[in-house]
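K.L.:
Task: produce atomic coordinates for the following.
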Amino acid sequence: MSRKAGLAAAAIAIGTAVAYVILIASKGERGDLGVAILVTAIIGGAAAAAIIGAEASGIAKKRLMYGAASGGLLSLGLAIFSIGLLLQVAGTLSAVAWIGSMVGGQPGGRWVAVGAFVAAAALPLALAFF
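P.N.:
The predicted model follows:
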């Protein structure tokens with residue numbers, strides 16, 4: 001279940017990044033290009049983390065990657081209104097995968113995964129206020 005949720009989160013995130021680039025390009029404003037590149041890079045990084053989490057063999061790596069993907073997607077979804085709902089869906093799916101990786105009683109990487117969530121969540125929120 002967590003693998004499918006992680007891959008679905010990545011697919012939605014990648015589709016959202018493409019739609020965001022098209023949206024910004026259709027406006028024709030060059031001033032938004034730097035922001036679009038940064039936002040697309042963050043979404044791409046979160047999508048890559050979700051894919052790595054889905055394909056990882058170790059439970060600690062799964063937790064770390066899903067935590068980072070969840071934090072980045074959920075916080076970016078709050079910061080950008082035009083694509084926020086899609087990012088919230090992707091972030092929620094990634095969080096489902098993350099929670100699924102926590103169940104099972106195997107120790108290892110839980111607090112590191114929480115730290116990855118917080119760190120990934122802090123970047124988009126910090127950028128939203130500057």
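
K.L.:
Could you list the buried residues of the helix ranked longest in the chain?
P.N.:
Longest helix in the chain by number of residues (criterion: DSSP state H): helix 2-27. Of the residues in helix 2-27, those scored as buried under the neighbour-count criterion (16 or more other C-beta atoms under 10 Å) are 2, 5-10, 12-14, 16-17, 20-21, 24. In this view, the C-beta of every residue, glycine as well, is placed from N, C-alpha and C.

K.L.:
What's the mean pLDDT across it?
P.N.:
For helix 2-27, the mean pLDDT works out to 91.

K.L.:
Please apply the same query to stretch 71-79.
P.N.:
If you average the pLDDT over stretch 71-79, you get 89.

K.L.:
Ok, stretch 110-119 next?
P.N.:
pLDDT averaged over stretch 110-119 equals 82, rounded to a whole number.

K.L.:
Residues contacting that stretch, please?
P.N.:
Outside of stretch 110-119, the residues within contact range by C-beta atoms under 8 Å, 6 or more residues apart in numbering are Ala60, Arg63, Leu64, Met65, Tyr66, Gly67, Ala68, Ser70, Gly71, Trp98, Met102.

K.L.:
Many thanks, have a good one.
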